[in-house]
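> Starting from these lines, generate the structure:
(one chain, ligands or ions: 1)
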Amino acid sequence: MSIMADAALDLRLREAAAAWLTERTQRQQELATKAELAQFIFEGRRVALLDPQRGIRKPAFLDAALSIRTRFTPPGQLPPYEDREGPDGLLRYKYRGDDPNHHENVALRRAYEHRLPLIWFVGIAPALYLPRYPVWLIADEPEELQFVVALDEAQRLIQPGNAADTERRRYVERLTKLRLHQPVFRARVLQAYGNTCTVCQLRHRSLLDAAHIIPDGQPAGDPVVPNGLALCKIHHAAFDQNIIGIRPDLRVEVRPDILKEVDGPMLRHGIQEMHGCHIALPRERSAHPHRRRLEARYEQFRAAA
Ligand SMILES: [Zn+2]
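All right, here's what the predicted structure looks like:
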C-alpha cells in the first residue's frame with residue numbers, strides 16, 4: 001500500500017489521534033499511560049499510538065511513522081534531547097541504531113518526505129507520557145544519524161543546518177522552551193510531588209506550577225526535578241517574590257513584615273499560617289529538592305527580607 005494511495009486514511013488517523021489527545025487535555029488528563037495509548041480506537045479498529053518496545057510507532061496499515069518516543073529519565077537527570085540542538089538551534093531526533101535504512105528510520109523518513117505531523121511522547125515516569133503534537137521532521141541528517149525536529153509552525157520556517165545568528169537562535173530556543181522544556185519540567189515535577197502543592201497541599205492540578213528553586217538561566221538553574229518545587233499559583237508567586245522562603249531544613253518561612261500584616265483569610269490562612277510548616281516531599285528520594293540549591297535560594301530570600 002503506498003502512502004500516496006492512502007494519504008487520506010493516513011491524515012484522518014493523524015487528525016483523529018490529535019483530537020483525542022486534545023480532548024483528554026481539556027479534561028485535565030494531559031498525561032497518558034502506555035495502556036491508555038494502546039486503547040485508542042480509529043474508525044472501529046484499535047490503533048496503539050505508541051510502541052512501548054521501540055522508539056518509533058508505525059501502524060502496519062500506514063507507510064509512515066505516527067509517533068516518536070523519548071524514554072523517561074530519572075529525576076536528577078535532564079531528558080536526553082536537552083543537549084541535542086544543532087547549529088540552527090533546532091532539536092534533533094536520533095535514528096534507531098546506526099543503519100539509515102532500518103525500517104523504523106525508513107518510516108520516519110517517509111513522515112519527513114511527506115511533511116506529516118507526528119506525535120512526540122516524552123516519558124514523565126515509567127509508562128507515563130506527555131504528548132507533544134503536532135511536530136514535524138524538517139530535515140534528514142544521515143551522516144549524524146538523526147532528523148531535525150520542528151516543534152511548531154514557526155520552527156518549520158527555520159532553514160535547518162545553517163548556523164543561526166544569535167538573535168534567531170535565541171528565538172528558536174525560546175520556542176523550544178515553551179513547547180517542550182517547560183511542559184516536560186512541569187509534568188515531571190507535579191508527578192514527583194503527586195500533584196500537590198508542597199506548601200499547602202492543594203491538589204487541584206490546574207492550579208499547580210513547577211517552580212524553579214534556582215531560576216532558569218542561572219548556573220544550576222536547569223529544569224531537573226531536584227531543582228523544582230510543586231507549588232500552587234499563590235505560593236509560586238509568593239516564593240518568586242520572596243514573600244515566603246523555603247529553609248534548607250525544609251520549613252516554610254514567611255518574611256517578617258508579611259507576618260505582621262493584617263489582611264483577609266488568604267493572607268492569614270494561605271500564607272501566615274504556613275510559617276514554620278514542613279513542606280511535603282516526593283516519595284522518591286532522588287526527586288527531593290537539592291539541599292545546596294535550597295541554601296543558595298534561601299540566601300536570596302534572606303537578603304530580600
Ligand atoms: Zn499552595
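
> can we go C-alpha only for contacts and neighbour counts from here?
Will do.

> for stretch 281-296, how far is the first residue from the last?
This stretch, stretch 281-296, spans 19 Å end to end (Cα to Cα, to the nearest Å).

> what residues does that stretch touch?
Under the contact criterion Cα atoms under 8 Å, 6 or more residues apart in numbering, stretch 281-296 has outside partners 74-76, 192-194, 198, 213-214, 220, 225-229, 246-248.

> Check which residues of that stretch are buried.
Neighbour counts over stretch 281-296 (16 or more other Cα atoms under 10 Å) mark 281, 282, 287, 288, 289, 290, 293, 294, 295 as buried.

> any idea of the mean pLDDT in that stretch?
Across stretch 281-296, pLDDT averages out at 96.

> and the residue in the stretch 1-150 of the chain that the ion sits nearest to, what does it touch?
Using Cα to the ion, the closest approach of the stretch 1-150 of the chain to the ion is made by residue 28 at 18.8 Å. Residues near residue 28 by Cα under 8 Å, 6+ apart: 205, 206.

> in what helix or strand does it lie?
Under the criterion DSSP states H and E, no helix or strand holds residue 28.

> how close does it sit to residue 72?
Taken as Cα to Cα, the span from residue 28 to residue 72 is 21 Å.

> any low-confidence regions in the stretch 151-300 of the chain?
164 (pLDDT under 70).

> can you give me the strands in the stretch 101-250 of the chain?
Counting by DSSP state E, counting those that start in this stretch, residue ranges of the strands within the stretch 101-250 of the chain are 118-125, 128-141, 146-150, 208-212, 228-232, 244-246.

> re the thing from before, please, a PyMOL command that selects the buried ones among the contacts of stretch 281-296?
To isolate the buried subset of the contacts of stretch 281-296 in PyMOL, counting by 16+ other Cα under 10 Å, use the following:
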select buried, resi 74+75+76+192+193+194+198+213+214+225+226+227+228+229+246+247+248
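
> before we move on, back to that, nearest to residue 63, out of the strands of the stretch 101-250 of the chain?
Of all the strands of the stretch 101-250 of the chain, it is strand 118-125 that lies closest to residue 63, at 13.1 Å by Cα to Cα.

> what mean pLDDT does the closest one have?
Mean predicted confidence for strand 118-125 is 96.

> I'd say residue 172 and residue 90 touch.
Yes - with contact defined as Cα atoms under 8 Å, residue 172 counts as touching residue 90 (6.7 Å).

> so residue 212 touches residue 228, yeah?
Yes - counting by Cα under 8 Å, residue 212 does reach residue 228; the two are 4.7 Å apart.

> quick one on the thing from earlier: give the residue from residue 172 and residue 90 that has the larger number of neighbours.
Ranked by neighbour count (other Cα atoms under 10 Å), residue 172 and residue 90 place residue 90 first, with 25 against 21.

> Contact partners for the more buried one?
Contact partners of residue 90, counting by Cα under 8 Å, 6+ apart, are 148, 149, 150, 155, 160, 172, 173, 176.

> how close does the residue nearest to the spatial centre of the chain get to the ion?
Centroid-nearest residue in the chain: residue 184, 1.2 Å away (criterion: Cα atoms, centre = their mean). Distance, residue 184 to the ion, by Cα to the ion, to the nearest Å: 21 Å.

> go on, residue 276?
Distance of residue 276 to the ion, computed by Cα to the ion: 14 Å.

> Give me every residue in the stretch 101-250 of the chain lying close to the ion.
Taking Cα under 5 Å from the ion as the contact definition, the stretch 101-250 of the chain meets the ion at 197, 200, 232, 235.

> Turn those residues into TSV, columns for distance to residue 143 and neighbour count.
TSV is the format used below for those (distance: Cα to Cα, whole Å; neighbours: other Cα atoms under 10 Å):
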residue	distance to residue 143	neighbour count
197	46	27
200	52	19
232	46	26
235	48	23
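
> In TSV, list the residues you listed along with distance to residue 114.
Formatted as TSV, these follow (distance: Cα to Cα, whole Å):
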residue	distance to residue 114
197	44
200	50
232	43
235	47
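
> just checking, which of those residues belong to helices?
Assigned to helices by DSSP state H, the following of these qualify: residue 235.

> which residues do residue 172 and residue 90 both contact?
Both residue 172 and residue 90 are contacted by residue 155, under the criterion Cα under 8 Å, 6+ apart.

> who's in contact with residue 256?
residue 305.

> Next, find the distance separating it from residue 272.
Distance, residue 256 to residue 272, by Cα to Cα: 10 Å.

> Same question for residue 19.
Using Cα to Cα, one gets 44 Å for the distance from residue 19 to residue 272.

> Can you pick out the residue with more neighbours from these two?
Set residue 19 next to residue 272 and count neighbours by other Cα under 10 Å: residue 272 wins out with 22 against 12.
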